[in-house]
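**Student:** sequence and predicted structure are below.
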Amino acid sequence: MFFTHTVLVVLTMLVTTLALSEGSPAAPLIDRDDTTTASSAFVYTTDSGNITFALTAVKSNGDIFFHMEAPAGNSWVAVGTGDKMDGSLMFLAYTSANKKGVTLSPRLCGNHVEPTWDPEIDCELVTGNGITNGVITYNNSEIYVVNAQCKNITGLAREKIDFGNTQQKFIFAVGPGDHTLESDDKGAGIRRHDEYGVFQMDMTKATVQDSDGVTVPTGKAATENSNTQIVGSPTQDNDRTGVLHATAMCGAFVIIFPMGVVMLRVLEKVMFHASMQALGVLVSIVGVAIGLYLSMMYNHSKHINSAHQILGLTLLFFLFVQLSLGWFHHRLYKKTLRPTLMGKIHRYAGPVILALGVANGFLGFSFADSSRSNIPYALAVLAIGLVVVGLVFLKQRQKKRRAAALGGFDAGGSSEYAGHGGAPMIPGSGHATPYDPSRSDVALGHLGAPPAYDDRFVTPRPMV
Ligand code: HEM
Ligand code: HEM
């Protein structure tokens, strides 16, 4: 009795060891025996490897067993029911947090938006009997291998599977390779696809009556095209919405607005400054509109409640305030030739808005899971920042020297445009000083010829 028991235990251990070694990542899938009775398989070859979806369906309970493969260079792979995203039930997979396994996430989808994980959908990875799941190396490439059972799925989505349909439509897609997604969270955010397409499957060839002994398709049934056909040709998505948004917003805050500063502080052309900043605001409006469109695509952004979006919208509001302050100040200044409170606020709020806009770029890249772009962005910000600060500094030094050469008359630090800070004025006269080295017709609003030279002693007005 004891002997028989020991032999049984040893035999069981041997069988288990063999089964496990057969299922190790190094074992080529193609060598496994075909164990399923009925199946259909779709295989689509891309430059980086095959996208495969093989299926066995069970008529009596509405369960499906599937085997899915795709090049792991893509951040995710998905197959969905129907011929369009809207109403589809999707089986989505991506790398797990430990980088070796896969996370299977059944999701429901609206029109052209990120699908949403539904915890009610009962899908589980199938393991055992040599069936493995994970990111495995096969023919020197890393591939996703997903074997799963999803229970009673026929009525779950608007795009239903009909087990009697010889031309049942399915969609497939792969995620962008330049995004990294390693997560055990079934609701993890995914970025819009690199490529998508439609295929049809003969479900009558993939359906068995009941589930006795049924498992996922294996061997040739899992890896060779059978009873399926591609519909049309797959589409390369080439989505540039994020890039457009980033280019407009970072372009405005890192290039256009700083150029506007140079127009005023270095070239001393107030109307060029105003036009440049108005252009910046226009580009920002377009950028925010694209940002709002982008927001609607993703689950993490559709409620417009992230720090990046709230700060961005707040900054857009203050850009309008800033533009109006600048404009009304300038009009008033032309009449009174006196500094105004609006001008003062405009002057100090400008750099703060600019700095926050630049900072929001960093938040944006992190928000879009593109944190690696923060490094080139930081370098660009640093380079442009140094050029702008350098030019302004050189201009100040030049002005100070010129003022000193003209008898110690201080040009007023950085307040060359009187309207913003208080360039020298004849006290109480409301007129510009007789000789103002920083005077520009544009800056002073086309005042015509300066007043005649006046040799009265004047004390420069202190900066306000
Ligand atoms: C973040 C997630 C996703 C977003 C934002 C998204 C967005 C979009 C957009 C905007 C289009 C229209 C493209 C055009 O007409 O130029 C589209 C089409 C399509 N997508 Fe997605 N998609 C996502 C995920 C998926 C997934 C997971 C699948 C997987 C099966 C998929 C499959 C398709 C297919 C087959 C089409 C063409 C059919 C149709 O218009 O619905 N998409 N998607
Ligand atoms: C100062 C203003 C802003 C700047 C500098 C800015 C910049 C950026 C940048 C650099 C990205 C990364 C793009 C990528 O890598 O694909 C981004 C992404 C994004 N931004 Fe903005 N942005 C601003 C305002 C806004 C506003 C007002 C909204 C919407 C209300 C918005 C919505 C988004 C969304 C939805 C994404 C993509 C998130 C994703 O891919 O999941 N942004 N932004």
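**Tutor:** Nice, I can see it. Ligands and ions are numbered 1, 2, ... in the order given.
**Student:** hmm, Leu316 and Ile353 touching each other?
**Tutor:** No - look at Ile353 against Leu316 with C-beta atoms under 8 Å: they stay out of range, at 10.0 Å. For every residue, glycine as well, the C-beta is placed using N, CA and C.
**Student:** strands paired with the host helix or strand of Val145, and their directions?
**Tutor:** Using DSSP states H and E, Val145 falls within strand 141-150. In the sheet, strand 141-150 lines up against strand 63-71 (antiparallel), strand 123-125 (antiparallel), strand 134-138 (antiparallel) (DSSP bridges).
**Student:** mind listing the strands for the stretch 201-350 of the chain?
**Tutor:** 207-208, 228-236 (DSSP state E, counting those that start in this stretch).
**Student:** excluding chain neighbours, what is closest to the residue in the stretch 201-350 of the chain positioned nearest to ligand 1?
**Tutor:** Closest to ligand 1 within the stretch 201-350 of the chain is Met297: 3.9 Å, counting by C-beta to the nearest ligand atom. Leaving aside its chain neighbours, Met297 sits nearest to Val113 (5.5 Å; criterion: C-beta to C-beta, 6 or more residues apart in numbering).
**Student:** from ligand 1, how far off is that neighbour?
**Tutor:** 6 Å (C-beta to the nearest ligand atom, to the nearest Å).
**Student:** right, and that residue touches Leu294 too?
**Tutor:** No - assessed by C-beta under 8 Å, Val113 is found out of contact with Leu294, at 11.1 Å.
**Student:** comparing the two, which residue is more hemmed in?
**Tutor:** Leu294 (19 against 15; other C-beta atoms under 10 Å).
**Student:** my read is that the more buried one contacts Lys302, right?
**Tutor:** No - Leu294 is beyond contact range of Lys302, at 10.0 Å (criterion: C-beta under 8 Å).
**Student:** where does the residue nearest to Met297 fall, phi/psi-wise?
**Tutor:** Main-chain dihedrals, Val113, degrees, to the nearest 10: phi -130, psi 170.
**Student:** helix or strand right after the strand holding Val145?
**Tutor:** In N-to-C order, the element after strand 141-150 by DSSP H and E is strand 168-174.
**Student:** any stretches of the stretch 51-200 of the chain with poor pLDDT?
**Tutor:** Within the stretch 51-200 of the chain, not a single segment meets pLDDT under 70.
**Student:** residue numbers of it in contact with ligand 1?
**Tutor:** Residues of the stretch 51-200 of the chain lying close to ligand 1 by C-beta under 6 Å from any ligand atom are 78-80, 84-85, 90, 92, 112-115, 171-173, 190-193, 196, 198.
**Student:** which members of these are classed as buried?
**Tutor:** 78-80, 85, 90, 92, 114-115, 171-173, 190-193, 196, 198 (16 or more other C-beta atoms under 10 Å).
**Student:** quick one, what contacts the residue sitting nearest the centre point of the chain?
**Tutor:** Centroid check for the chain by C-alpha atoms, centre = their mean gives Ala368 as the closest residue, at 3.1 Å. Counting by C-beta atoms under 8 Å, 6 or more residues apart in numbering, Ala368 touches 191, 242, 246.
**Student:** right, and out of those, which lies closest to ligand 2?
**Tutor:** Gly242 (2.7 Å).
**Student:** do you know the pLDDT at the closest one?
**Tutor:** Note on Gly242: pLDDT of 95.
**Student:** that one touches Leu294, doesn't it?
**Tutor:** Yes - using C-beta under 8 Å, Gly242 is in contact with Leu294, at 6.2 Å.
**Student:** which residues of the stretch 251-400 of the chain lie near ligand 2?
**Tutor:** Counting by C-beta under 6 Å from any ligand atom, the stretch 251-400 of the chain sits next to ligand 2 at 253, 288, 291-292, 294-295, 298, 301, 304, 308-309, 312-313, 315, 357, 360-361, 364-365, 367-368, 370, 373.
**Student:** whichever of those end up buried, select them in ChimeraX.
**Tutor:** The ChimeraX command for the buried members of those (criterion: 16+ other C-beta under 10 Å) is given here:
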select :253,288,291,294,295,298,301,308,309,312,315,357,360,361,364,365,367,368,370,373
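**Student:** so which of the residues of the stretch 251-400 of the chain next to ligand 2 belong to helices?
**Tutor:** Using DSSP state H, 288, 291-292, 294-295, 308-309, 312-313, 315, 357, 360-361, 364-365, 367 are the members of those that sit in helices.
**Student:** measure stretch 50-69 end to end?
**Tutor:** 7 Å (C-alpha to C-alpha, to the nearest Å).
**Student:** same thing with stretch 216-230?
**Tutor:** Note: stretch 216-230 ends 22 Å apart using C-alpha to C-alpha.
**Student:** repeat for stretch 105-120
**Tutor:** First residue to last in stretch 105-120 (C-alpha to C-alpha) measures 11 Å.
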